[in-house]
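In: below are the sequence and a predicted model for it; my questions follow.
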Amino acid sequence: MFEYDSIAVSSILGTSLDAVFTIDGRGCIVDLNPAATRMFGWSREEFLGRNISLIVPSPLKEQHDRFLAAFNPDRGVKHVLGKGQRLDGQRKDGSKFPVEVGISAFVQDDKRYFTGFVRDMTERQRAHDRMHFLAIHDSDTGQLNYRGFCASATPNDDPARVICFRLEEFRRLLTSYSQHWCESTLHDLAERLQASLNPDEVVGRIREDSFAVLVRANAVERAEVLQQVFKKPVAQGRMHFPLTVTIGISRASGDIEQRLHDAQRACDRATSGNKGRINEFNDTMSQCIRRELQIENRLRDAIEHDGLSLALQPKVRLADRRITGAEALIRWHDPELGDVPPAEFIPLAEHCGLIGSITDWMLQQTLGEISRCADPAISIAVNFSALDFLQPGLIPGLEAALARQRINPERLVIELTESVIARDVERVKARMHDIKALGASISLDDFGTGYSSLSYLRQFPIDSLKIDISFVRDMPEKADAVAITTAIISLAKILGLKTIAEGVEREAQADMLQALDVDVGQGYLFSEPVSAAAFHRLLETQANTPGLA
């Protein structure tokens, strides 16, 4: 038996859970502790005198003796493998298992020896493998998650494309039914999809409501085939729900994450008419996305550094062509992007959560212009989106702003579109009554474009209707436009509402509208949107010209 300098050390090693071997300079085992026999399956007698490579599988077995022979203690190195080297060990039955090894060198009686400490890492490796699995797999379906899908080995020159399947109803069902039901439904859908894959295809659940498949065959044809997977309705008790699945297909370029992004964007950019259909990502989408990102980035800067401006378009009483008010319009000229139209950046602002800041700015600017206008009969309208109009703090904020500017609330008009009032009838009606209680007026914009029920006009405390530009544009040449406009005007008069026609550009239109008894006109015939200073000059000219027609 190899004799240690310290009996205490021997006692400690005897109770260690780690295997400990002592070998000579030739690699032969001269001592070991009981844990070594338990771990590797050989008896102490079988171990002693044998080369330590006995427990080392190939190819390390062949390298072992050369490794020890190359060790040079004169370099001052005491640790051969250092601490925590991960290797494979080999048991007597030939099975391999992960171990962590540390080997140190020492000299006794002028002879060089090595002590190896071996820890069985099987349980730790199993836990590590489990954690790795959970990191790249979806817990509900067992499929790859976003991270795992993007880690799929796909060279950039591989012509594979990604197909994204988005379940349009999933989030609504998730809020209506139990989490267990949704998990069960997802598991069923995942099994259907998995069973329909080709051997070279990869599937993943990459978002709460979306699956993705990496395909190498014709992507459109595969999308049509895989779409059938989702045709079978999902069940909840006695109810069955058909699923609407919007499909996005990537281009065959970029890394797999880029292709996945492209497929998701193709889904996300699908218009209402393309829900439930196949949408292929293309260069036009790519350009639009880059443009939107530029706009979003620059818009945040414009909001923060006062880069927006206010324009006012006069509203004219048709009977005498005198200015009675204006509509506040936002304008944005960016040093990098140039003039960006509201139709482009306002929807993006709503999507990005910036619309509230823009509306607050517009309201403050508008109230400031009202306070600068000496004529108490002049009112200015501000447009509110549905997001703004239903904000809890709207009424207190309006009340405080009006009081701060010392403005008669009757000079402020809140302009809403039909889509706003159709969103949540009871909440909108209550909010309108709050607006009226403040003393402000309410105008319904774009009337006649298809959203409104006539009953809304009876329920809501509206002051004026704005006839949509699509009807005014075709007057007086098209009889149907004249007929619809006549009906709107008659309805408004019966209900005691003022009528406003927008988009008036020709004298023939103005004459027809006046003949139909429309109260107010707005459009380029009278004035384009102008700066606030220019608007006040128009009012000064009007005030100094009492007979101005």
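Out: Nice, I can see it.
In: pretty sure residue 251 sits against residue 262.
Out: Yes - contact criterion Cβ atoms under 8 Å: residue 251 and residue 262 qualify, at 5.8 Å. (C-beta placed from N, C-alpha, C; glycine too.)
In: more neighbours: the two, which one.
Out: residue 262 (25 against 19; other Cβ atoms under 10 Å).
In: how about the backbone phi and psi for that one?
Out: phi -60, psi -40 (degrees, to the nearest 10).
In: let me see the contact set for residue 113.
Out: The neighbours of residue 113, taking Cβ atoms under 8 Å, 6 or more residues apart in numbering as the test, are 22-25, 30, 105-107.
In: please repeat the previous calculation with a cut-off of 10 Å.
Out: With contact taken as Cβ atoms under 10 Å, 6 or more residues apart in numbering, residue 113 is in contact with 2, 22-25, 30-31, 104-107.
In: thinking again about what came up before, common neighbours of residue 251 and residue 262, please.
Out: Common contact partners of residue 251 and residue 262 (Cβ under 10 Å, 6+ apart): 161-162, 280-282, 285-286.
In: among those residues, which ones are in helices?
Out: 285-286 (DSSP state H).
In: among the shared contacts of residue 251 and residue 262, which lie within strands?
Out: Among those, the ones falling in strands (DSSP state E) are 161-162, 280.
In: so which of those residues is the most crowded?
Out: Going by other Cβ under 10 Å, residue 162 tops these with 33 neighbours.
In: wait, it sits on residue 253?
Out: No - look at residue 162 against residue 253 with Cβ atoms under 10 Å: they stay out of range, at 11.3 Å.
In: now the common contact residues for those two.
Out: With Cβ under 10 Å, 6+ apart, residue 162 and residue 253 have common neighbours 259, 262.
In: tell me the buried residues in stretch 350-369?
Out: By 16 or more other Cβ atoms under 10 Å, the buried positions in stretch 350-369 come out as 350, 354-356, 358-359, 362-363, 365-367, 369.
In: could you dump those into JSON lines with secondary structure, distance to residue 384 and pLDDT added?
Out: Below are the buried residues of stretch 350-369 laid out as JSON lines (DSSP: H, G, I helix; E, B strand; the rest coil; distance: Cβ to Cβ, whole Å; pLDDT from 0 to 100):
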{"residue": "350", "secondary structure": "helix", "distance to residue 384": "12", "pLDDT": "88"}
{"residue": "354", "secondary structure": "coil", "distance to residue 384": "15", "pLDDT": "92"}
{"residue": "355", "secondary structure": "helix", "distance to residue 384": "10", "pLDDT": "91"}
{"residue": "356", "secondary structure": "helix", "distance to residue 384": "11", "pLDDT": "90"}
{"residue": "358", "secondary structure": "helix", "distance to residue 384": "11", "pLDDT": "94"}
{"residue": "359", "secondary structure": "helix", "distance to residue 384": "6", "pLDDT": "92"}
{"residue": "362", "secondary structure": "helix", "distance to residue 384": "9", "pLDDT": "94"}
{"residue": "363", "secondary structure": "helix", "distance to residue 384": "9", "pLDDT": "94"}
{"residue": "365", "secondary structure": "helix", "distance to residue 384": "14", "pLDDT": "95"}
{"residue": "366", "secondary structure": "helix", "distance to residue 384": "11", "pLDDT": "95"}
{"residue": "367", "secondary structure": "helix", "distance to residue 384": "14", "pLDDT": "95"}
{"residue": "369", "secondary structure": "helix", "distance to residue 384": "17", "pLDDT": "96"}
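In: mind putting the residues you listed in a markdown table, distance to residue 194 included?
Out: Formatted as a markdown table, the buried residues of stretch 350-369 follow (distance: Cβ to Cβ, whole Å):
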| residue | distance to residue 194 |
| --- | --- |
| 350 | 38 |
| 354 | 41 |
| 355 | 42 |
| 356 | 44 |
| 358 | 46 |
| 359 | 48 |
| 362 | 52 |
| 363 | 54 |
| 365 | 57 |
| 366 | 58 |
| 367 | 60 |
| 369 | 63 |
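In: which of the residues you listed lies closest to residue 193?
Out: Checking the buried residues of stretch 350-369 against residue 193 with Cβ to Cβ, the nearest one is residue 350 at 34.0 Å.
In: that closest one and residue 309, how far apart?
Out: The gap separating residue 350 from residue 309 is 20 Å, by Cβ to Cβ, to the nearest Å.
In: cool, residue 464 as well?
Out: 26 Å.
In: do residue 408 as well
Out: 25 Å.
In: likewise for residue 458?
Out: Separation of residue 458 from residue 309 (Cβ to Cβ): 39 Å.
In: more neighbours: which of these two?
Out: Using other Cβ under 10 Å, the more surrounded residue of residue 458 and residue 309 is residue 309, with 14 against 9.
In: which secondary structure elements does the one helix or strand the more buried one maps to contact?
Out: According to DSSP states H and E, residue 309 maps onto strand 308-317. Here strand 308-317 touches helix 283-304, strand 322-334, helix 355-372, strand 379-383, strand 498-502, strand 520-522, strand 530-531, helix 532-543, going by 3 or more Cβ pairs under 10 Å, 6 or more residues apart in numbering; DSSP states H and E.
In: okay if I get those as TSV plus distance to residue 433?
Out: Compiled in TSV, the helices and strands packed on strand 308-317 are given as follows (distance: least, Cβ to Cβ, whole Å):
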stretch	distance to residue 433
helix 283-304	31
strand 322-334	23
helix 355-372	20
strand 379-383	19
strand 498-502	19
strand 520-522	24
strand 530-531	34
helix 532-543	31
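In: which of the ones you listed sits closest to residue 220?
Out: Nearest to residue 220 among the helices and strands packed on strand 308-317 is helix 283-304; the distance by Cβ to Cβ comes to 16.1 Å.
In: buried residues in that closest one?
Out: The neighbour-count check on helix 283-304 (16+ other Cβ under 10 Å) flags 285, 289, 292, 295-296, 298-299, 302-303 as buried.
In: what's the helix or strand for residue 525?
Out: Here residue 525, judged by DSSP H and E, is contained in no helix and no strand.
In: ok, it touching residue 514?
Out: No - taking Cβ under 10 Å as the definition, residue 525 is not a contact partner of residue 514, at 11.9 Å.
In: burial measure for residue 405, as a count.
Out: Counted with other Cβ under 10 Å, residue 405 comes out at 15.
In: ok, the one 5 residues further on next?
Out: Burial of residue 410 is recorded as 13 neighbouring residues (other Cβ under 10 Å).
In: can you map out the strands along the stretch 401-549 of the chain?
Out: 412-417, 441-447, 464-467, 498-502, 520-522, 530-531 (DSSP state E, counting those that start in this stretch).
In: could you say which one of those strands comes nearest to residue 173?
Out: When these are compared by Cβ to Cβ, strand 412-417 sits nearest residue 173, at 30.0 Å.
In: the closest one - contacts with which helices or strands?
Out: Under the contact definition 3+ Cβ pairs under 10 Å, 6+ apart, strand 412-417 sits against strand 322-334, helix 355-372, strand 379-383, helix 386-389, helix 394-405, helix 425-438, strand 441-447, strand 464-467.
In: burial-wise, tell me which of those comes out on top.
Out: Most buried of the helices and strands packed on strand 412-417 by mean neighbour count (mean count of other Cβ atoms under 10 Å) is strand 464-467; its value is a mean of 25.
In: show me what it is in contact with.
Out: With Cβ under 10 Å, 6+ apart, strand 464-467 has contacts from 315, 327, 381, 413, 415-417, 441-448, 452, 457, 475, 484-485, 488-489, 491-492, 495, 497-504, 513, 516, 518-522.
In: try 6 Å this time
Out: 443-445, 447, 485, 488, 492, 497-502 (Cβ atoms under 6 Å, 6 or more residues apart in numbering).
In: next one: stretch 405-412
Out: The contact list for stretch 405-412 (Cβ under 6 Å, 6+ apart) reads 367, 370-371, 379, 402, 438-440.
In: for those, which two are the farthest from each other?
Out: Based on Cβ to Cβ, the longest span within the contacts of stretch 405-412 runs between 371 and 438 and measures 16.4 Å.
In: low-confidence bits of the chain, can you list those?
Out: By pLDDT under 70, the weakly predicted segments of the chain are 1-15, 59-84, 153, 155, 271-274, 422-423, 448-456, 546-549.
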